[in-house]
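>>> Everything below, folded, please.
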Amino acid sequence: MNHFVYTATLAVALCLIGILLYRYRSLWLAWVAIFGFGIFVIALPLFFVSFGLTSFGYWSIGIFGGITALFALLAFLFWKKARIYASLFALVAVLLAVVSADAFWIEPSSLEVRHERLVTAKVSRPIRVVVLSDIQTDVVGGYERSVLLRAAKEKPDLVLLPGDYLQIIDPVKRNEQKVKWRQIFADKPLKPSLGAYAVQGDMEWYGIWEDLFDGSGVQVFSKTGSKDLGEIYLSGLTLADSNKSARGLSGTEEGKFHIVFGHKPEYFLKDPPGDLLIAGHTHGGQVQIPGFGPLITYSKVPRDWAGGCFLKRANGQYLLISRGIGMERADAPRLRFFCRPEIVVVDLIPRF
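Numbering: from 1, shown residues only. Just a heads-up that it's a prediction; the model follows:
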């Protein structure tokens with residue numbers, strides 16, 4: 001309802017601007033309208049924030065809806081009187097519309113598979129690790145099923161799920177989607193020889209989350225701990241430990257390749273043990289500006305890490321942050337821009 005009220009308020013403001021400009025057709029008044037409406041679009045959501053609602057969803061409506069409509073209106077009103085300015089207004093409207101179409105409808109489901117290579121003397125055969133981070137959805141359906149099928153095509157030896165599966169507050173709806181979530185795993189399209197493993201993310205705050213994977217073949221780390229998988233020594237972190245440090249982990253067994261994974265990448269900053277550290281959480285920012293990176297990451301790690309990284313530290317340790325598969329839900333704008341969802345594939349290659 002609040003989104004409806006906000007949109008209706010923008011529509012009324014646009015009607016008043018249109019009436020005024022239709023009567024006077026003044027270019028200086030048009031520029032006043034642009035700056036005034038822009039300030040209005042930015043300031044009005046702050047009123048809704050006072051009721052405990054997020055402002056990002058409102059800003060996306062205002063920018064991609066209201067401002068696009070304003071420039072289209074200006075182009076129409078000034079087409080005969082000031083063709084050059086009208087063309088400029090039309091160009092801005094078209095660009096905003098194109099960005100909107102990409103960010104809200106195209107990129108969010110434009111899944112990418114990112115391949116990385118890591119050469120190590122600690123494995124005697126190639127081992128393929130697939131990371132499915134932040135599937136984060138509130139309606140489980142065809143997209144989520146396609147992610148599992150696409151991951152299966154990579155023929156993984158090990159599958160890791162670093163948290164954030166369902167983002168649903170309402171308990172009734174959450175239970176309904178839990179059933180659908182289990183169904184997409186029911187056929188067990190993922191058949192990794194070393195197994196599939198999951199840890200807790202932010203969206204699993206409501207208590208029991210492990211039952212999401214009942215009957216799926218996916219093993220969960222309810223507590224921080226490690227598993228010996230032969231040449232791979234795998235450690236999973238609780239949400240709390242991934243946010244602070246990798247406490248509770250023992251050093252890897254001699255000669256084994258040690259993979260540590262948790263939801264948040266903050267533990268990267270605490271000098272944890274491990275050859276390969278894996279995290280999600282940031283979604284790559286969901287919106288990235290070329291040359292700058294993600295606008296918002298909700299993480300303390302460097303921006304170029306949080307945008308999605310695979311890099312080697314001076315100590316030989318590798319860091320991997322996935323841009324994730326889903327998006328922030330609830331009142332947040334459901335968009336991605338220059339930040340496609342991704343499955344990450346890491347091939348561990350033996351060094352002879």
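>>> buried residues in stretch 109-116?
Across stretch 109-116, burial judged by 16 or more other C-beta atoms under 10 Å covers 111, 114, 116. Quick note: C-beta positions are derived from backbone N, CA and C, even for glycine.
>>> State the three-state secondary structure for Val345.
Secondary structure, DSSP: H, G, I helix; E, B strand; the rest coil: Val345 is strand.
>>> List the beta-bridge partners for it.
Note on Val345: beta-bridge partners by DSSP bridges are His115, Val130.
>>> One more: Gln288?
Pro294.
>>> Please look at it and Leu295 and confirm they touch.
Yes. With contact defined as C-beta atoms under 8 Å, Gln288 reaches Leu295; the gap is 7.5 Å.
>>> Which of these two has more residues huddled nearby?
Each of Gln288 and Leu295 has its neighbours counted (other C-beta atoms under 10 Å); Gln288 has more, 20 against 13.
>>> Give me the pLDDT for the more buried one.
Here, the pLDDT recorded for Gln288 equals 94.
>>> got a list of what it touches?
Counting by C-beta atoms under 8 Å, 6 or more residues apart in numbering, Gln288 makes contact with 294-295, 307, 337-339.
>>> Please repeat the previous calculation with a cut-off of 7 Å.
The contact partners of Gln288, by C-beta atoms under 7 Å, 6 or more residues apart in numbering, come to 294, 307, 337-339.
>>> swap in Arg114?
So Arg114 contacts 342, 344-345 (C-beta under 7 Å, 6+ apart).
>>> change it to 6 Å
By C-beta atoms under 6 Å, 6 or more residues apart in numbering, the residues touching Arg114 are 342, 344.
>>> how close does it sit to Pro290?
18 Å (C-beta to C-beta, to the nearest Å).
>>> Ok, Ala306 next?
In terms of C-beta to C-beta, Ala306 sits 16 Å off from Pro290.
>>> Which one's more surrounded, these two?
Per other C-beta under 10 Å, whichever of Ala306 and Pro290 has more neighbours is Ala306, with 24 against 6.
>>> Next up, phi/psi of Trp59, please.
Dihedral angles of Trp59 (phi, psi; degrees, to the nearest 10) stand at phi -60, psi -40.
>>> how many other residues sit next to the nearest residue to it once chain neighbours are set aside?
Distance criterion C-beta to C-beta, 6 or more residues apart in numbering; nearest residue to Trp59, sequence neighbours excluded, is Pro45 at 5.6 Å. Pro45 is flanked by 19 other residues according to other C-beta under 10 Å.
>>> so Pro45 sits in a strand?
No. Using three-state DSSP, the assignment for Pro45 is helix, not a strand.
>>> Could you check the pLDDT of it?
pLDDT, Pro45: 72.
>>> quick check: domain ranges of this protein?
2-106, 113-350 (automatic domain parsing).
>>> highest average neighbour count across those?
Ranked by mean neighbour count, these are led by domain 113-350 with a mean of 19 (mean count of other C-beta atoms under 10 Å).
>>> quick one: His283 from Gly326, how far?
In terms of C-beta to C-beta, His283 sits 8 Å off from Gly326.
>>> can you list residues touching both of these two?
Joint contacts of His283 and Gly326 (C-beta under 6 Å, 6+ apart) are Asp134.
>>> closest to Phe35 among the contacts of Gln288?
Nearest to Phe35 out of the contacts of Gln288 is Phe337 (C-beta to C-beta; 24.2 Å).
>>> That closest one against Gln286, yeah?
No. Using C-beta atoms under 6 Å, Phe337 is not in contact with Gln286; the gap is 7.4 Å.
>>> then stretch 69-79 to CSV, C-alphas only?
Written as CSV, here are the backbone C-alpha positions of stretch 69-79 (Å, rounded to 0.1, in the frame of the first residue of the first chain):
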residue,chain,number,x,y,z
ALA,A,69,8.2,9.8,-17.1
LEU,A,70,9.1,13.5,-16.4
PHE,A,71,11.7,13.6,-19.2
ALA,A,72,9.3,11.8,-21.6
LEU,A,73,6.7,14.5,-20.7
LEU,A,74,9.2,17.3,-21.3
ALA,A,75,10.2,15.9,-24.7
PHE,A,76,6.5,15.8,-25.7
LEU,A,77,5.7,19.3,-24.5
PHE,A,78,8.7,21.0,-26.1
TRP,A,79,9.0,19.0,-29.3
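>>> Great, nothing more from me.
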